[in-house]
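> starting from these lines, generate the structure:
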Amino acid sequence: MSWTDDRVETLKKMWGEGQSASQIAKELGGVTRNAVIGKVHRLGLSNRATTSTAAKAETKPKAKPAPKAETKQPKPKAEPKKDGPIMQTVAAAPPRSTLPARKQIIPAGQPLPPQPSANEISPEALAKVNEVEKKAKKIGLMELTERTCKWPVGDPATEDFWFCGLPVKQGKPYCEAHVGVAFQPMSSRRDRRR
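Next up, the predicted model:
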């Protein structure tokens with residue numbers, strides 16, 4: 001379907017009359033509502049004529065009250081009109097973060113301090129991780145696949161950052177050593193809190 005001059009004129013006429021894009025598309029045939037809206041915007045027709053109900057409401061003259069006999073009394077000072085609710089702007093509180101607040105800001109390129117969760121990991125698991133990281137393939141982000149361990153090592157803001165890259169444990173994103181650190185049984189986590 002192409003926009004011939006006749007079809008464009010029909011579109012302009014119907015749009016000016018306040019017809020909906022769906023009605024115009026139906027009248028023209030072979031064109032969608034979205035195509036009509038797109039053509040309207042390309043033609044710069046986004047300002048529509050007022051609808052018939054709005055036009056009737058605007059054209060109705062308001063009845064003026066009958067003039068009252070004037071009395072010479074001083075007028076009190078006018079108070080602000082209270083027709084509707086008064087809107088007041090109030091600054092919204094910033095959204096609360098569900099993440100714990102950092103106690104210090106670490107500039108990029110600096111090693112991260114030990115995280116609290118590292119203290120909760122068993123020494124055997126940490127020893128196994130240290131041993132595995134010596135044998136790791138040390139791959140970059142673009143080299144990761146579904147079969148490579150995705151355990152990040154180092155600070156992402158430095159060039160020394162890498163991923164483990166060893167073969168993953170079945171159904172997990174990490175190798176066996178990193179699974180032992182990442183996925184701990186519920187009972188051992190519960191015991192540590194006590």
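
> can you give me the strands for this structure?
Applying DSSP state E to the chain gives strands spanning 152-153, 162-163.

> please name the nearest non-neighbouring residue to Glu27.
Met14 (6.4 Å; Cβ to Cβ, 6 or more residues apart in numbering). The C-beta positions use only the backbone N, C-alpha and C, and glycine is treated the same way.

> any idea how far that neighbour is from Ile24?
Distance of Met14 to Ile24, computed by Cβ to Cβ, to the nearest Å: 5 Å.

> so the two - more neighbours on which side?
Higher neighbour count among Met14 and Ile24: Ile24, with 24 against 18, using other Cβ atoms under 10 Å.

> was I right to think that one contacts Lys13?
No - Ile24 lies out of contact with Lys13 (Cβ atoms under 8 Å); the separation is 9.5 Å.

> point out where this structure drops to low pLDDT.
The chain contains residues with pLDDT under 70 at 1, 47-122, 185-194.

> got the domain boundaries for it?
By the assignment in automatic domain parsing, the chain contains the domains 5-58, 116-193.

> circling back: okay, the strands of the chain, which one's buried deepest?
Mean neighbours per residue, mean count of other Cβ atoms under 10 Å, is largest over the strands of the chain for strand 162-163, with a mean of 20.
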